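Q: Prediction below, plus the sequence it came from.
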2 protein chains.
Amino acid sequence: MTDASMSVPNTGDLSPDEFRAAAHAAVDWIADYLEHPERHPVKSRVQPGDIRRALPASPPPQGETLDAMLDDFHRTILPGITHWNHPSFFAYFANSASYPGILGELLSAGLNANGMLWVTSPAVTELEQVTLDWLRQMMGMSDGWFGQITDTASVSTFYALAAAREAVGLDIRVRGMAAREDLPRLRVYCSEHAHSSIDKAVIALGLGHENLVKIPADEQFRMRPDALETAMAADVALGYRPMAVVPCIGTTSTTSIDPVPAIVRIAKTFGCWVHVDTAYAGPAAIVPELRYILDGVEGADSVVVNPHKWLFTPMDCSVLYTQRPEALKQAFALLPEYLVTKGQDETVNLMDYGIQLGRRFRSLKLWMILRAFGEEGLAERIRFHCELARDFAGMVHYEGGWELTAPVPLSLVCFRYAPKGASEDEIARLNAAIMERVNAGGLAYLSHTKLNGRYTLRLAIGNIRTDRPHIEQAWHELRAAAAAVMAA
Amino acid sequence: MTDASMSVPNTGDLSPDEFRAAAHAAVDWIADYLEHPERHPVKSRVQPGDIRRALPASPPPQGETLDAMLDDFHRTILPGITHWNHPSFFAYFANSASYPGILGELLSAGLNANGMLWVTSPAVTELEQVTLDWLRQMMGMSDGWFGQITDTASVSTFYALAAAREAVGLDIRVRGMAAREDLPRLRVYCSEHAHSSIDKAVIALGLGHENLVKIPADEQFRMRPDALETAMAADVALGYRPMAVVPCIGTTSTTSIDPVPAIVRIAKTFGCWVHVDTAYAGPAAIVPELRYILDGVEGADSVVVNPHKWLFTPMDCSVLYTQRPEALKQAFALLPEYLVTKGQDETVNLMDYGIQLGRRFRSLKLWMILRAFGEEGLAERIRFHCELARDFAGMVHYEGGWELTAPVPLSLVCFRYAPKGASEDEIARLNAAIMERVNAGGLAYLSHTKLNGRYTLRLAIGNIRTDRPHIEQAWHELRAAAAAVMAA
């Protein structure tokens, strides 16, 4: 053992001063970037493999300079970014980073606290609980909801359905589901417009995709309670066991709102867990006149809402609320000796409510956002997005050759170009071409869906930087693209 | 609709200049903090409820000033942090944030890209693939491993076992596990020292906790291949189906290393998936003379390694490698219309390999770390940690009344105070009291475990800032605590 090995090696890592300089430069770059994200094309123009090929195939044996790295960041990585921060990002659902959120993320990265147990950073657990209780109040939900942060809605829903599976009372936790004569098929119900995360949770839990029953929707894309009731009764008649119903408030394709009060009533008749998926739309309940969207949720067992969608929180931050935290613990809690701590029973230990053990300090950014904007500041922005959506819907509605394909209850507009006499196939081809042209132009980015087989464009508004001119520009781009596609 | 509502609201959010000022101040604070994390007690001294009570019970109706928030951060939040960045954090396994990692996290938060599909930010997918291929090479693993980043080892292991379940070939994805006559019990095997994440994955997948078979370990806490073979044969004789074996390289309690080559041979005889849990120890394979720890891994189907443990990467960043990515896709891939994109088949879309859809840009921080340190810089640090552990073990070994309780193959030392003639119960009580006293002192933070019922302290070295004096100080604290406890 040489002397040189006897103190902490210093090659490679930055000095504190180098870190300071680099991080200050990064802050300035981010501030510049966010003042004008529209300098970049919304959708990246690189081709598959471009970035991979631009980077060395092997790692560096020795440390490299920060300059080399940052140079690559700007020259190679940045062109490969599709800019979710761009005010004209209208695809999927928006995901935009507000300043207070970025600040919170920076402080979290510096602290690097891990809240797996209360004791391993009490602030992580307690601030998460306080912040989620604030959000609950902002959304007008009743007392008695226990909140936890997960990374994505897919995981929140997976946890909720895991709790539902255990709540059936057949000790699946210990005995499992295979090779049991006492276990009926367990059935889960959602609308035909439910998100694929429900499918994935059902598959992962070993329930079987064929046991996820997709209930038909009405002409406004909302789950039909009568069809739900019929399906559940038919299942019971076959000896199956209804386990959970997952209504959605704000479906992905159209932001339709399933009739939660009626669904809860039916589900309760069958002794089912109700998990409400309002990952996108939930924050709209902060707006007093939109609070009605959560009607009936007080009868549900769990709810997922994603601050990293419509609450301007940097990825990732999903929230799972439940009125039955004990059911989650029953599904997941496990205490190996190496995680035993004194006084453990007196505190919430968030590792008990899911499979993840490590837990980064994600509540800090959300807490800073709730405080910086306040309830009214958030409501204003969400209200404004809904106004923009109505305005855009108006433009489409009054323009010859274009049509709306779904109601606009929130901030998503479903629409398409449908020139007179065009067949469904032709319309699909035209709109795919229009979308591709607009997206390639770099001034707006949209995505699509199909509604009862009808190809439909989606303009989803939710970015904190989106203003009226961005909507007008998107509309201009769309009409220009339609003209070009028709002329081609 | 009023005119005022016609442009983007500006209450609440920071102005670009306010953001600049606040983020620069945050950078300076982080730099100061990381130069001297030892100014803080390692383990937070707050009591349960202290932080919650110090914060308002309701959210602010209007936005608040940044100063108010940052004041609360320093006054209320910071005392509630247990400092994982503190060089004397020796509990669990270390989790420390290096400067390049924090820089990467800051840039990621600013970009806020979501790599759910290749097209939604090609750089997110391609940099993840390149970076994980670099890490694979650094660890000396063969070609042909597909890597993806998840948040925690628990999720990586859950995905691996989900793939293993599907690879059994009984179409559990579609048909599920309940009410099937053709489905035997599916059995998973791990050592009695395996991490609780294996238990949680087995439970979540609906396999049943009783179908996780804990194989006895030898006197060095390594899974016994003979016992594994016997258990698997006994299960087959009962009509059960061995599904997966999960050896661990670097167990949580002692960092013992299961004999992977022998385990792989046996598992393959039974047609089992082999998932290697090396969440903590994997990076040690970057050190040439420690590369042997991964012997046999080339025969495994999947491996989990956590850069957010021993690679100085801010939380969270776990990596799941697999030689059978198609099995993961078979378990998870699903393509709803709203996620269809042109040319999708020509690119990797990371949403296909797990349940999470949203994916933040986590590879950026890891890429910056691999580049800043280089292979040799990382190897130096890990080697140094192992040297410190051996030195600490030496101090314990030669001190009367103290004993080592496990071998020290890597950077964790298991030890205890065991004065002559003391019973096991007395030793447990004494060491719990010693640990509590040391942890309360604020100068070092340790955790414990039990080995064959014997209470044991753990000193885990892996923090990038840990130097020789911190080890010496911990040893001083421990002996002083032992003296005080004996005198009491």
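A: Looks like it came in fine.

Q: Could you chop chain A up by domain?
A: Under the assignment automatic domain parsing, the domains of chain A span A:17-43+A:82-97+A:374-488, A:113-359.

Q: helix or strand right after the least confident helix or strand in chain A by mean pLDDT?
A: Within chain A, no helix or strand scores below helix A:66-72, which has a mean of 92 by mean pLDDT, DSSP states H and E. Sequence-wise, the next helix or strand downstream of helix A:66-72 (DSSP states H and E) is helix A:99-111.

Q: anything in that following helix near chain B?
A: Yes: residues of helix A:99-111 contacting chain B under CB under 8 Å from any CB of the partner chain: A:99, A:100, A:101, A:102, A:103, A:105, A:106, A:107, A:109, A:110, A:111. Every residue, glycine included, has its C-beta placed from N, CA and C.

Q: who does the strand or helix carrying residue A:385 touch, helix- and strand-wise?
A: Using DSSP H and E, the element containing residue A:385 is helix A:363-397. If contacts are counted by 3 or more CB pairs under 8 Å, 6 or more residues apart in numbering or on different chains; DSSP states H and E, helix A:363-397 sits against helix A:99-111, helix A:122-138, helix A:307-310, strand A:402-404, strand A:412-417, helix A:468-487, helix B:66-72.

Q: Among these, which comes closest to residue B:346?
A: helix A:468-487 (23.8 Å; CB to CB).

Q: Can you give the distance of the closest one from its chain's centre?
A: 28 Å (CA atoms, centre = their mean, to the nearest Å).

Q: now do stretch A:340-355
A: Per CA atoms, centre = their mean, the centroid offset for stretch A:340-355 relative to its chain is 27 Å.

Q: measure it end to end?
A: End-to-end distance for stretch A:340-355, by CA to CA, to the nearest Å: 17 Å.

Q: Please list the outside residues in contact with it.
A: For stretch A:340-355, the surrounding residues in contact (CB atoms under 8 Å, 6 or more residues apart in numbering or on different chains) are A:115-119, A:122, A:124-125, A:128-129, A:148, A:150, A:155, A:159, A:325, A:328-329, A:332-333, A:335, A:339, A:357, A:359, B:48, B:154-155, B:158, B:197, B:200-201, B:204, B:436, B:448.

Q: That one: which residues count as buried?
A: If you call a residue buried by 16 or more other CB atoms under 10 Å in any protein chain shown, then stretch A:340-355 has these buried ones: A:341, A:347, A:348, A:349, A:350, A:351, A:352, A:353, A:354, A:355.

Q: Contact partners for the spatially closest residue to residue A:424 that is not a sequence neighbour?
A: Nearest non-adjacent residue to residue A:424, counting by CB to CB, 6 or more residues apart in numbering or on different chains: residue A:454, 6.4 Å away. Neighbouring residues of residue A:454 by CB under 8 Å, 6+ apart: A:405, A:416, A:424, A:427, A:428.

Q: how much space between residue A:141 and residue A:115?
A: As for residue A:141, its distance to residue A:115 is 23 Å (criterion: CB to CB, to the nearest Å).

Q: next one: residue A:139
A: The gap separating residue A:139 from residue A:115 is 23 Å, by CB to CB.

Q: can you check residue A:348 too?
A: 10 Å.

Q: quick one: what helix or strand has residue A:421 in it?
A: Using DSSP H and E, no helix or strand contains residue A:421.

Q: Can you report how many residues neighbour it?
A: By the criterion of other CB atoms under 10 Å in any protein chain shown, residue A:421 has 6 neighbours.

Q: Then residue A:93?
A: By other CB under 10 Å, neighbour count at residue A:93 equals 25.

Q: what residues are up against it?
A: A:252, A:280, A:309, A:310, A:412, A:460, A:462.

Q: quick one: which of these is nearest chain B?
A: residue A:252 (5.5 Å; CB to the nearest CB).

Q: how about the residue lying closest to the closest one once chain neighbours are set aside, what does it touch?
A: Excluding its sequence neighbours, the residue lying closest to residue A:252 (CB to CB, 6+ apart) is residue A:195, at 5.1 Å. Neighbour list for residue A:195: A:153, A:248, A:251, A:252, A:277, A:279, B:336 [criterion: CB under 8 Å, 6+ apart].

Q: how does it look with 7 Å?
A: By CB atoms under 7 Å, 6 or more residues apart in numbering or on different chains, the contact list for residue A:195 reads A:248, A:252, A:277.

Q: Switch those over to TSV; also include pLDDT, neighbour count and secondary structure.
A: TSV is the format used below for these (pLDDT from 0 to 100; neighbours: other CB atoms under 10 Å in any protein chain shown; DSSP: H, G, I helix; E, B strand; the rest coil):
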residue	pLDDT	neighbour count	secondary structure
A:248	98	28	strand
A:252	96	26	coil
A:277	98	30	strand
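
Q: Closest one to residue B:134 out of those, please.
A: residue A:252 (35.4 Å).

Q: was I right about the closest one contacting residue B:339?
A: No: at 9.0 Å, residue A:252 does not count as touching residue B:339 under the criterion of CB atoms under 7 Å.

Q: From residue B:127, how far out is the closest residue to chain B within the stretch 351-488 of chain A?
A: Going by CB to the nearest CB, chain B is nearest to residue A:377 of the stretch 351-488 of chain A, at 2.8 Å. Using CB to CB, one gets 35 Å for the distance from residue A:377 to residue B:127.

Q: Test for you: state the pLDDT assigned to the residue lying closest to residue A:336 once chain neighbours are set aside.
A: Take residue A:336 and drop its neighbours on the chain: the residue closest to it by CB to CB, 6+ apart is residue B:196, 4.6 Å away. We have a pLDDT of 97 for residue B:196.

Q: now the one 5 residues further on
A: Reported pLDDT at residue B:201 in the predicted model: 98.

Q: what's the helix or strand for it?
A: Element membership of residue B:201 [criterion: DSSP H and E] is helix B:196-204.

Q: and the next helix or strand after that helix, what's its mean pLDDT?
A: Using DSSP H and E, the helix or strand that follows helix B:196-204 towards the C-terminus is strand B:212-215. Here strand B:212-215 scores 98 as its mean pLDDT.

Q: Show me what strand B:212-215 is packed against.
A: Judged by 3 or more CB pairs under 7 Å, 6 or more residues apart in numbering or on different chains; DSSP states H and E, strand B:212-215 is in contact with strand B:186-191, helix B:196-204, helix B:225-237.

Q: what about the helices in the stretch 251-400 of chain A?
A: A:260-269, A:307-310, A:325-332, A:363-397 (DSSP state H, counting those that start in this stretch).

Q: Can you point out the buried residues in the third one?
A: This points to helix A:325-332. Using 16+ other CB under 10 Å as the test for burial, helix A:325-332 gives A:325, A:327, A:328, A:329, A:330, A:331, A:332.

Q: Keep only these that also lie close to chain B.
A: Of the residues in the buried residues of helix A:325-332, proximity to chain B by CB under 7 Å from any CB of the partner chain holds for residue A:332.

Q: Closest to residue B:366 out of the buried residues of helix A:325-332?
A: Set against residue B:366, the nearest of these by CB to CB is residue A:332 (28.1 Å).

Q: which residues sit in contact with residue A:138?
A: Contacts of residue A:138 (CB under 7 Å, 6+ apart): A:286, A:375, B:59.

Q: Give me the distance between residue A:452 and residue A:251.
A: According to CB to CB, residue A:452 and residue A:251 sit 13 Å apart.

Q: When those two are compared, which one has more neighbours?
A: residue A:251 (29 against 10).

Q: What are the phi and psi values at that one?
A: Residue A:251 adopts backbone torsions of phi -70, psi 160, taken as degrees, to the nearest 10.

Q: what's the answer for residue A:462, then?
A: Per degrees, to the nearest 10, the backbone of residue A:462 is at phi -180, psi 0.

Q: Pretty sure residue A:411 is one of the things it touches, is it not?
A: Yes: if you go by CB under 7 Å, residue A:462 and residue A:411 touch, sitting 5.8 Å apart.

Q: can you list the weak-confidence ranges in the stretch 201-350 of chain A?
A: Scanning the stretch 201-350 of chain A for pLDDT under 70 picks out no residues.
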